[in-house]
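Enquirer: Everything below, folded, please.
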Amino acid sequence: PVRYPDWLFGPREGRGMGQEIGGYRFTDEDFRRFAGRLEAETRLLDRMARDGRLSPDGRVAGFELEAWLIDRNFYPVPNNAAYLERLANPLVVPELSRFNVELNGTPVPLRADGLSRLERELAETWRQCLDVAHDLESTLVLIGTLPTLREGDLSVANMSALNRYHALNDQILTARSGRPLHIEIEGHERICLDQSDVMLEAATTSFQVHIQVPSELAARYYNASLILSAPMVAVSANSPLLFDRVLWDETRIPVFEQAVGADDGAAPEHRRVTFGSGYLLESAVEHFQENLERYPVLLPILFDGEPSGFCHLRLHNGTIWRWNRLLIGAESGQTPHVRVEHRVMPAGPSIADMMANAALYYGAVRFLAEEREAPERRLSFAAARQNFYRAARYGMNARVVWLDGTEMPVRRLLLDGVLPMARAGLEMLDVDRDDAERYLDIIQARVRTGQNGAAWQLAHVDRWGRDFFRLTANYLEHQRSGMPVHEWDT
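Expert: I've put the predicted structure just below:
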């Protein structure tokens, strides 16, 4: 039988943490005991890092991909429990809402045909997913935010029937003394609303890529991922619409940040969803030390087992949704390892597009993280953060500041800077040349045409008006064709 790693099915670091819990009423003693174990595991991680007892191995790739279940009228269908029972594929698991599911990729070495192996497995999993959905008179779509989504869909009644999700919702609202979550986004148009639970998070589906890195280089890979976040979100943007409004090219970014409490009193750099508070200086441990010192415990679920499993550290880390996040893998009998989770990209538009996005990130992060001069010495954290939000708002029309201090259009940066880095980085990783060329040629064509998923959706609105049913139908037809988005017409 296939042995899946614990980062698919252990105490999950994802949005909802994949391990189910027995209940979700916690006592002060639960919080006290959890805090003690969290502190002990953080100290242990520090000792292991200093002693060289974290894995020196790296360059292993994987992903998590969130999808929408929709009916024949293109509305969300809250049926993931029956759907997953019928599908019975351990790579596909529940998400926060009953109309979302998550597909996982079995991790592969990031060399040779590793990327095309990930793509082949995803294509086969996706085929199975569609077949079962059709049997239930529904289908699935990969898109950052579904254009036909209604405010009424995002009610607690549509939350997946798992205790861990209800516990997370209750604890976030308890921390806010029951105050509703306030959402206010100014883009091409404006939206302002209050939400009585965390379900607006379900409006933001992502393609999250992982890379296992040598522990001694984890800080460099994390910092490089921060720097790359702006061009990555610009080139992949696919979420310009929410509740009939045209907002940011990647509206998923402000929605997710505000859906989990942007107005909770914490400084922006220490909110539960954040770009972060700064570069790491030396070690991955700084990331987890900040978790311990700056973030109150949300889910004080106590685990049996040795501290070396890092169950409490990993669960706590899973309730802090930085756009780039370090993860600790601690499979039984194996040396703990460090991964970077790059969370800035939305789902869709096509499997080819997403794998091209992954290739761009993997190649560019390898190049930047192992340059002789650390790029974080040349670009301030404040500039990297400002670049990120500009790119999320304006997509491939954004202007950003790069390593030499020059402000430039992000499309020029992608063509003249990031793409050459990615080509060199994939060659350093010994990725098959044909695979590297195929994926990066998709990125180059997308940048030259200026048509990513967001641009296509906005062009469709310009041509056909606010017929979001027609938009979703046309989007779905193109997605099923397998063509990359730069080849789509409206």
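
Enquirer: just checking, next helix/strand downstream of the strand or helix carrying His312?
Expert: In this assignment (DSSP states H and E), His312 forms part of helix 311-317. Next along the chain after helix 311-317, taking DSSP H and E as the criterion, comes strand 321-322.

Enquirer: which residues touch the host helix or strand of Asn474?
Expert: According to DSSP H and E, Asn474 maps onto helix 468-481. Around helix 468-481, the neighbours that count as contacts under CB atoms under 8 Å, 6 or more residues apart in numbering are 70, 73-74, 139, 141-143, 146-148, 241, 244, 348-350, 456-457, 460-461, 464, 485, 488, 490. In this view, the C-beta of every residue, glycine as well, is placed from N, C-alpha and C.

Enquirer: Just the buried ones from the residues you listed?
Expert: Among the contacts of helix 468-481, the ones that count as buried by 16 or more other CB atoms under 10 Å are 70, 74, 139, 141-143, 146-148, 241, 348-350, 456-457, 460-461, 485, 488, 490.

Enquirer: ok, back up a step: which ones among the contacts of helix 468-481 are found in helices?
Expert: 456-457, 460-461, 464 (DSSP state H).

Enquirer: so which of the residues you listed comes closest to Ala266?
Expert: Of all those, Ala266 sits closest to Gln457, with 32.8 Å by CB to CB.

Enquirer: Now do the same contact list for the closest one.
Expert: 147, 238, 240-241, 471, 475.

Enquirer: got TSV for those, with pLDDT too?
Expert: Below are the contacts of Gln457 laid out as TSV (pLDDT from 0 to 100):
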residue	pLDDT
Pro147	98
Asn238	98
Pro240	98
Leu241	98
Leu471	98
Tyr475	98
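
Enquirer: buried residues in the helix holding Asn474?
Expert: So helix 468-481, judged by 16+ other CB under 10 Å, has buried residues 468, 471-472, 474-476, 478-479.

Enquirer: can you list these in TSV and add distance to Val431?
Expert: Converted to TSV, the buried residues of helix 468-481 look like this (distance: CB to CB, whole Å):
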residue	distance to Val431
Phe468	39
Leu471	35
Thr472	35
Asn474	34
Tyr475	30
Leu476	31
His478	28
Gln479	26
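
Enquirer: Does Glu102 fall in a helix, a strand, or a coil region?
Expert: What DSSP: H, G, I helix; E, B strand; the rest coil gives for Glu102 is strand.

Enquirer: Can you check the pLDDT for it?
Expert: On pLDDT, Glu102 comes in at 98.

Enquirer: Are we agreed that Ile183 is in a helix?
Expert: No - secondary structure of Ile183 (three-state DSSP): strand, not part of a helix.

Enquirer: since we're on Thr125, how many residues are nearby?
Expert: By the criterion of other CB atoms under 10 Å, Thr125 has 19 neighbours.

Enquirer: tell me the contacts of it?
Expert: 89, 91-92, 103.

Enquirer: Next step: those restricted to strands.
Expert: Residues of the contacts of Thr125 located in strands (DSSP state E): 92, 103.

Enquirer: who wins for neighbours among the contacts of Thr125?
Expert: Leu103 (23 neighbours).

Enquirer: Leaving out the residues flanking it, which one is nearest to that residue?
Expert: Leu65 (4.5 Å; CB to CB, 6 or more residues apart in numbering).

Enquirer: Secondary structure of that neighbour: a strand, I assume?
Expert: Yes - counting by three-state DSSP, Leu65 is found in a strand.

Enquirer: Test for you: state the pLDDT assigned to it.
Expert: For Leu65, pLDDT reads 98.

Enquirer: is it in a bridge, and if so with what?
Expert: Under the criterion DSSP bridges, Leu65 forms beta bridges with Leu103, Phe207.

Enquirer: Tell me which residues touch the residue nearest the centre of the chain, please.
Expert: The chain has Arg343 as the residue nearest its centroid, 2.8 Å off, counting by CA atoms, centre = their mean. With contact set as CB under 8 Å, 6+ apart, Arg343 has these partners: 206, 208, 321-325.

Enquirer: That one and Ser196: what is the separation?
Expert: 26 Å (CB to CB, to the nearest Å).
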